[in-house]
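Q: compute the structure for the input listed below.
(one chain, ligands or ions: 1)
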Amino acid sequence: MLEIAEFINPTPSPLWKLAKQAGVDLAVGGLPTDDLLAPGERPWDLRPLTRLKERYEDGGFALRVIESRPPLNNAKRGLPGGEAEIDTVCTLIENMGRLGIPVWCYEWMTDFNWLRTRTDTPSRGGSVVTSFDYADVTSEPTEGGPISEERLWETLTHFLERVVPVAEKAGVKLSMHPDDPPLSPIRGVGRIMRSIDNYQRLIETAPSAVNTITLCQGNFTLMTDDLPAVIRKFGKKITFVHFRDVRGVPSRFEETWHDAGKTDMLACMKAYRDIDFSGVLRPDHVPTVEGDSNAHAGYSSFGRLYAIGYIRGLREAVYAG
Ligand SMILES: [Mn+2]
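A: Next comes the predicted model:
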């Protein structure tokens, strides 16, 4: 059965207790932070990763996904230094295998990661959400300059050629998160993980059980008007789910409360049941609500509690029926 997890940073915080109080026992974690590193150690080495896993376990959480990446921009751009970056990923994957951490969530966005043009867009009852309007994005090129989609496919193909065999041996799933927003190009930078067809191409690029998908609903629902059908199409290729919703189109959208977006969330939950999804699902971005901080927009603590409760209710409704 689908299980509910939360993204919690490696440094213990009140969120750790809130998540436990909401009944969450599974963690989606980052890479070891400085306080977990002895001199000379790197975050992808075995010993700091062991400490990381033990710290989550001390807090009552089993670590099921690492959703953080070593630097990969040179590899994505095909620049000198890229091979060494891929080496670090291979080390990380081997060590995750040794520790029994089954899924690594990565992405192929170069130069910048998820992009919003506002983090304080008014939403229900005075809560605030993040939003994106392409008209408000600077046209100024990035430091790296323009890069084509075909070049990114070449570098991704090379990356998979090197990492997939390592992941197969380690028993760790490579789980590709979509580009956010699913739009290309932005500031001259191609973005390839932005359509259903391109995800199909990803799967065909490296036929392997470890070449899999993070179904981030907020992005995938902007690629289709029938998200449940997409969930059924990819089926066992889905190894990790981000549960959230938006309203709008890729060039102009805002995030929403989990019960107020464009997507039929109940139908999505039924689709996960139908594909017998057995990985973890976590709330992704949430609104910032009264009394909470918007310092990390999309990741406020109180909004997450609402999301966890909503997801738990949907899950019970679907799996009981
Ligand atoms: Mn996501």
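
Q: let me know whether residue 113 touches residue 107 as I believe.
A: Yes: applying CB atoms under 8 Å, one finds residue 113 in contact with residue 107, separated by 7.2 Å. All C-beta spots, glycine's among them, are computed from the backbone N, C-alpha and C.

Q: how close does the nearest residue to residue 124 once chain neighbours are set aside sit to residue 245?
A: Leaving aside its chain neighbours, residue 124 sits nearest to residue 257 (5.8 Å; criterion: CB to CB, 6 or more residues apart in numbering). Computed as CB to CB, to the nearest Å, the residue 257 to residue 245 distance reads 8 Å.

Q: re the thing from before, looking at residue 113 and residue 107, which is more packed in?
A: Between residue 113 and residue 107, counting by other CB atoms under 10 Å, residue 107 is the more crowded of the two (20 against 11).

Q: what does this structure have sitting close to the ion?
A: 216, 242, 284 (CB under 5 Å from the ion).

Q: how does it look with 6 Å?
A: Within the chain, the residues that sit near the ion (CB under 6 Å from the ion) are 177, 216, 242, 284.

Q: and the third one, what is it in contact with?
A: Looking back up the chat, that one is residue 242. The contact partners of residue 242, taken as CB atoms under 8 Å, 6 or more residues apart in numbering, are 177, 214-218, 281-284.

Q: what is it paired to in the beta sheet?
A: For residue 242, the beta-bridge partners are residue 216, residue 282 (DSSP bridges).

Q: for the one 4 residues further on, same thing?
A: According to DSSP bridges, the residues that bridge with residue 246 are residue 255.

Q: hang on, isn't it packed against residue 256?
A: Yes: the criterion here is CB under 8 Å, and residue 246 meets it with residue 256 at 6.1 Å.

Q: host element of residue 248?
A: Using DSSP states H and E, residue 248 maps to strand 245-249.

Q: would you reformat the residues of the chain next to the ion as JSON lines and include pLDDT and distance to residue 183?
A: JSON lines is the format used below for these (pLDDT from 0 to 100; distance: CB to CB, whole Å):
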{"residue": "177", "pLDDT": "98", "distance to residue 183": "15"}
{"residue": "216", "pLDDT": "98", "distance to residue 183": "14"}
{"residue": "242", "pLDDT": "98", "distance to residue 183": "18"}
{"residue": "284", "pLDDT": "93", "distance to residue 183": "18"}
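
Q: and the helix or strand harbouring residue 319, what does it pack onto?
A: Per DSSP H and E, residue 319 falls inside helix 301-320. With contacts taken as 3 or more CB pairs under 8 Å, 6 or more residues apart in numbering; DSSP states H and E, helix 301-320 sits against strand 3-7, helix 14-21, helix 265-274, strand 280-283.

Q: same thing but 6 Å
A: helix 265-274 (3 or more CB pairs under 6 Å, 6 or more residues apart in numbering; DSSP states H and E).

Q: so which bits of the helix it packs on are buried?
A: For helix 265-274, burial by neighbour count (16 or more other CB atoms under 10 Å) applies to 265, 268-272.

Q: just these now: which is nearest the ion?
A: residue 268 (14.2 Å; CB to the ion).

Q: show me what contacts the closest one?
A: Residues in contact with residue 268 (CB atoms under 6 Å, 6 or more residues apart in numbering) are 227-228.
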